[in-house]
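S.K.: okay, here's the prediction I keep looking at, along with the sequence it came from:
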Amino acid sequence: MSDQTTPPENPEDDDRILAAEYALGLLTDEERALFEARLDADAELRAEVISWDEHFAAIVLDDGEEVAPSPQVAKRLRTILFKPQKQSIWQQIWPYGLGGVAAALVLWMTISTEIITLDGPAVNPDLVAELAPTPDGEGLVIRAAVDTSLGAVEVVRAAGTPPEGRVFELWLIAGDAPPVSLGLLEEGNSTVIDLPQELLAVLPGALLAISDEPPGGSPTGAPTGAVRAAGPLTSS
Amino acid sequence: MTPQEEVENLIARVAMGDRAAFNRLYDRTSAKLFGVCLRVLNDRVEAEEVLQDVFVTVWNKADSYRVNGYSPMTWLITITRNRAVDRRRALKLPPVPIETADLLPDSKPGPEDSAVAASEARQIKACLDELPRARAHLVQRVYLEGYSYADLSEATGVNLNTIRTWLRRSLMALRECLSR
């Protein structure tokens, strides 16, 4: 670095000016690459860049205008940073598990006031579930009724359809066990699915969940699409 | 706590994944940083996209702040300014013309020259005021609006090599003044 008291004839030769041009983004791609290659090994050069950045930023700090961005920016940031794109099934369904008691109460009230009528039930249910839509399942109204003596569950989709090119798959989640596929919902409003004998004992209090899957169902045996609705099975 | 310590403290907490600290940091600094984006891009939609991008970087890179030697607001302002300039160049925004009559090398120092109050004034401001006003204007266009040498050349009609020499001499004078 040149003696600071006697500026060189050609400012171009001076690293301090090069550092300023680097800080300002004025170097060509080639010049910048050469400069950056030196930066790693040269602490003095780094300090020079930082010093320029500090001085220039001071212009903004003192005189820079403050303008409030639209509230949408903060909202988008929260979505991008704080909501993982792909949640595990446990993250998606836990509120429905906790809300089981409340959901059961709502169900009891709606059934007892005859708001819900399972249309000519194919089963004589002893367990029922109201599958509340998740944020991904807006508009879905799905109820399930289990007849344990028959070993079957009837799922009634009163409103909502799977996304284009997808099918709904029904899952049973008992305790901490991984979700077990019970089968695909048919295109019509009502689907009756036979339940494996070994699952009948774990049904009370277990969660039913609906995910969307490719035609033919989840290729992996575990839910691969978003969970669209979920709710606990309670005694009817 | 000084404002600087407060921002520093918030960045340190953001580095540990503290969401409340991130929200506070955003509330505390977003208007200043948005002003930077807007000055460079002159378009709210573009500026908001850059601002969003900046805060995603802050969330992801806050842990690298401690070791980089910057004061906290400079770190934030520098990231913001550089992102906005990158966007400006990608969009190929045309420069706003600059009156060339003022750019002659021997044009007078800015009028504020004598009025610079010693202690409070930021050094950089005092030193910019020592430059001929039009030269100081070029430096500000480059920093605040992200002009490249090509932009300055187009805006003034002066050929690129001459503009480059002028700006470098201005930076040299600035640097001499700043080190006094």
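M.R.: Right, received. Where do you want to start?
S.K.: count the neighbours of A:Ser235 for me.
M.R.: 11 (other C-beta atoms under 10 Å in any protein chain shown). Where you see a C-beta, it was placed from the backbone N, CA and C, and this is true even at glycine.
S.K.: what sits against B:Asn82?
M.R.: A:Gly25 (C-beta atoms under 8 Å, 6 or more residues apart in numbering or on different chains).
S.K.: confidence score at it?
M.R.: pLDDT for B:Asn82: 96.
S.K.: could you do A:Leu39 as well?
M.R.: 91.
S.K.: just B:Glu120 next, same as before
M.R.: pLDDT, B:Glu120: 38.
S.K.: just the strands in chain A please.
M.R.: A:127-133, A:141-147, A:152-159, A:167-173, A:180-184, A:190-194, A:207-213, A:227-232, A:234-235 (DSSP state E).
S.K.: what inclination does the first one have with respect to strand A:227-232?
M.R.: Right, the one you point to is strand A:127-133. Angle of strand A:127-133 versus strand A:227-232, following axes from the mean of the first three to the mean of the last three C-alpha atoms, to 10 degrees, is 150 degrees.
S.K.: what do you get for the third one?
M.R.: Our comparison of strand A:152-159 with strand A:227-232, counting by the same axes, to 10 degrees, yields an angle of 130 degrees.
S.K.: can you check the fourth one too?
M.R.: When the same axes, to 10 degrees is applied, the directions of strand A:167-173 and strand A:227-232 differ by 40 degrees.
S.K.: same question for strand A:167-173, mean pLDDT?
M.R.: Rounded mean pLDDT across strand A:167-173 is 92.
S.K.: which strands border it, and is each parallel or antiparallel?
M.R.: strand A:180-184 (antiparallel), strand A:207-213 (antiparallel) (DSSP bridges).
S.K.: mind checking how far the longest helix seen in chain B is from the chain centre?
M.R.: Taking DSSP state H as the criterion, chain B has its longest helix at helix B:19-41. Remark: helix B:19-41 is offset 15 Å from the chain centroid, using C-alpha atoms, centre = their mean, to the nearest Å.
S.K.: and what of stretch B:149-164?
M.R.: In terms of C-alpha atoms, centre = their mean, the gap separating the centre of stretch B:149-164 from the centre of its chain is 20 Å.
S.K.: circling back to that earlier point, touching chain A at all, the helix or strand just after the longest helix of chain B?
M.R.: Next along the chain after helix B:19-41, taking DSSP states H and E as the criterion, comes helix B:44-61. Yes. On the criterion C-beta under 8 Å from any C-beta of the partner chain, helix B:44-61 is in touch with chain A at B:44, B:47-48, B:51-52, B:55-56, B:59.
S.K.: ok, so of the residues you listed, who is nearest B:Pro95?
M.R.: Among the residues of helix B:44-61 next to chain A, B:Ala47 lies closest to B:Pro95 (C-beta to C-beta), at 17.5 Å.
S.K.: residues near A:Asp62, how many?
M.R.: For A:Asp62, using other C-beta under 10 Å, the count is 12.
S.K.: oh sorry, the question was meant for A:Gly64
M.R.: A:Gly64, neighbours per other C-beta under 10 Å, totals 20.
S.K.: equivalent analysis for A:Ala37, please.
M.R.: Based on other C-beta under 10 Å, the number of other residues close to A:Ala37 is 10.
S.K.: just name the most buried of the strands of chain A.
M.R.: Among the strands of chain A, the stretch with the highest mean neighbour count (mean count of other C-beta atoms under 10 Å in any protein chain shown) is strand A:227-232, at a mean of 27.
S.K.: partner strands of it, parallel or antiparallel?
M.R.: strand A:127-133 (antiparallel), strand A:207-213 (antiparallel).
S.K.: so can I have JSON lines of the strands of chain A showing distance to B:Ala20?
M.R.: Output for the strands of chain A, formatted as JSON lines (distance: least, C-beta to C-beta, whole Å):
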{"stretch": "strand A:127-133", "distance to B:Ala20": "29"}
{"stretch": "strand A:141-147", "distance to B:Ala20": "37"}
{"stretch": "strand A:152-159", "distance to B:Ala20": "38"}
{"stretch": "strand A:167-173", "distance to B:Ala20": "32"}
{"stretch": "strand A:180-184", "distance to B:Ala20": "39"}
{"stretch": "strand A:190-194", "distance to B:Ala20": "45"}
{"stretch": "strand A:207-213", "distance to B:Ala20": "32"}
{"stretch": "strand A:227-232", "distance to B:Ala20": "28"}
{"stretch": "strand A:234-235", "distance to B:Ala20": "37"}
